[in-house]
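*Asks:* can you look at this prediction? I've put the sequence above it.
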Amino acid sequence: MAEAPLLMRLVSASVAVADRAGVIIRDIMKKGELGIVEKEGKHDLQTEADRSAQRCIVASLSKQFPKVAIIGEETLDPADVIPAEYLEEGATAEVLSKTCPANMTNVRDEDIVVWVDPVDGTAEYTQGLLDHVTVLIGVAVAGRAVGGVIHQPFYNFKTPGATLGRTIWGIIGVGTYGVEKVLPPAGKRFVTTTRSHPNQTVRDSVAAMHADEVILAGGCGHKAMLVIEGVAHAYVFGSPGCKKWDTCAPEAILHAMGGRLTDMHGNDILYHATVKKPNAGGVLATMSDHDWYVKQVPESVKAALVA
Ligand code: AMP
Ligand code: MG
Ligand code: MG
């Protein structure tokens with residue numbers, strides 16, 4: 001049988017690698033030695049889980065796809081020795097069983113950038129809010145988010161005896177797998193936003209949505225999941241704090257199931273290797289009525305969030 005197209009092999013490998021990273025993240029929590037350091041202050045933390053999971057993901061994907069650009073959130077010592085057991089080279093049959101979209105069959109290594117957030121929701125990881133933690137691997141082709149993996153290492157952690165962890169993957173034109181889309185209650189408006197990085201423009205943009213309920217939650221991946229599973233109608237983040245590695249995978253997965261993720265102006269986010277890392281225009285994600293939410297964003301917030 002001919003080898004599957006590059007995009008399918010890459011997403012297939014990324015699912016296996018995200019699962020492996022999830023094991024590492026759980027093991028570090030079990031041991032309890034989190035090795036917390038502050039990056040740009042006390043609101044920007046890095047733990048041993050962030051470091052080890054990134055080593056696992058980047059080493060595993062670079063070994064299999066040496067010509068693909070891979071950008072991880074964490075700055076690590078390139079001389080780090082990667083433990084052999086961190087190298088994951090498995091493939092995911094479910095991904096390889098799907099047909100690659102026709103416009104993606106000829107994608108070359110140099111067209112792709114992989115954006116890696118080894119632990120999204122690090123603050124929540126250190127605080128025991130484990131269901132807010134995700135591993136994010138996003139695949140951009142020619143600057144657009146087209147494929148993604150969201151792994152939830154602690155999915156089910158409150159259910160005694162349940163198997164921990166769940167992985168969701170999606171490719172635009174193929175679909176999203178590993179989760180059922182649930183529509184949020186009709187006639188209500190539930191908005192989710194950051195619990196650990198609020199500021200005035202975040203508060204102003206949430207207030208402008210006139211929500212019946214505001215759900216404060218950690219992580220970009222987790223909040224995208226709240227939209228996917230119908231817990232929230234919209235994820236509204238009127239701040240430049242989220243980076244490309246936060247949004248690439250959620251954007252592709254939402255888009256693959258009919259939703260949208262843009263900046264607060266309603267503009268698509270670009271993911272070329274040379275782009276600035278922060279999403280200066282903020283983040284807005286919905287499963288429907290996206291334009292309505294864009295229209296509510298106050299002019300003062302739009303002016304502050306220049307893309
Ligand atoms: P949150 O919704 O606050 O959990 O943030 C989602 C993602 O964006 C996480 O990876 C955060 O670390 C990152 N983030 C958001 N705001 C900031 C900020 N002000 N400083 C650093 N990282 C941020
Ligand atoms: Mg993150
Ligand atoms: Mg992170």
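*Replies:* Structure's in. What do you need? Residues are numbered from 1 along each chain as shown. Ligands and ions are numbered 1, 2, ... in the order given.
*Asks:* show the contacting residues for the residue in the chain that ligand 1 sits nearest to.
*Replies:* Taking Cβ to the nearest ligand atom, ligand 1 has its nearest neighbour within the chain at Gly241, 2.1 Å off. For every residue, glycine as well, the C-beta is placed using N, CA and C. By Cβ atoms under 8 Å, 6 or more residues apart in numbering, the contact list for Gly241 reads 194, 197, 278.
*Asks:* just those that are near ligand 1?
*Replies:* When these are checked against ligand 1 using Cβ under 6 Å from any ligand atom, the ones in range are 194, 197.
*Asks:* that older thread, how about the residue of the chain closest to ligand 1, secondary structure?
*Replies:* Secondary structure, DSSP: H, G, I helix; E, B strand; the rest coil: Gly241 is coil.
*Asks:* swap in the one 5 residues further on?
*Replies:* In terms of secondary structure, Asp246 is helix; the call rests on three-state DSSP.
*Asks:* just to check, it is in contact with Cys220?
*Replies:* Yes - between Asp246 and Cys220 there is a contact at 3.8 Å, judged by Cβ atoms under 8 Å.
*Asks:* which of those two has more neighbours?
*Replies:* Cys220 (31 against 28; other Cβ atoms under 10 Å).
*Asks:* only C-alpha atoms, please: export stretch 248-257 in CSV.
*Replies:* Only the C-alpha atoms of stretch 248-257 are listed here, as CSV (Å, rounded to 0.1, in the frame of the first residue of the first chain):
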residue,chain,number,x,y,z
CYS,A,248,-3.4,26.4,16.5
ALA,A,249,-4.8,23.0,17.6
PRO,A,250,-8.1,24.3,19.0
GLU,A,251,-8.7,26.4,15.9
ALA,A,252,-8.2,23.4,13.5
ILE,A,253,-10.4,21.1,15.7
LEU,A,254,-13.2,23.6,16.1
HIS,A,255,-13.1,24.5,12.4
ALA,A,256,-13.2,20.8,11.4
MET,A,257,-16.5,20.4,13.3
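*Asks:* can you tell me what sits against that stretch?
*Replies:* Counting by Cβ under 8 Å, 6+ apart, 115, 117, 136-140, 145-150, 168-176, 181, 220-221, 224, 227-228, 260-261, 269, 271, 285, 287 sit against stretch 248-257.
*Asks:* just the ones of the residues you listed in strands?
*Replies:* Filtering the contacts of stretch 248-257 for membership in strands, criterion DSSP state E, returns 115, 117, 136-140, 145-150, 168-171, 175-176, 260-261, 285.
*Asks:* out of those, who's near ligand 3?
*Replies:* Intersecting the ones in strands among the contacts of stretch 248-257 with the surroundings of ligand 3, defined as Cβ under 5 Å from the ion, gives Asp117.
*Asks:* may I see the ChimeraX selection of the buried members of the ones in strands among the contacts of stretch 248-257?
*Replies:* To isolate the buried members of the ones in strands among the contacts of stretch 248-257 in ChimeraX, using 16 or more other Cβ atoms under 10 Å:
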select :115,117,136,137,138,139,140,145,146,147,148,149,150,168,169,170,171,176,260,261,285
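*Asks:* would you mind listing what in the stretch 151-300 of the chain touches ligand 2?
*Replies:* So the stretch 151-300 of the chain meets ligand 2 at Asp246 (Cβ under 5 Å from the ion).
*Asks:* nearest to ligand 2: which residue in the stretch 151-300 of the chain?
*Replies:* Asp246 (4.3 Å; Cβ to the ion).
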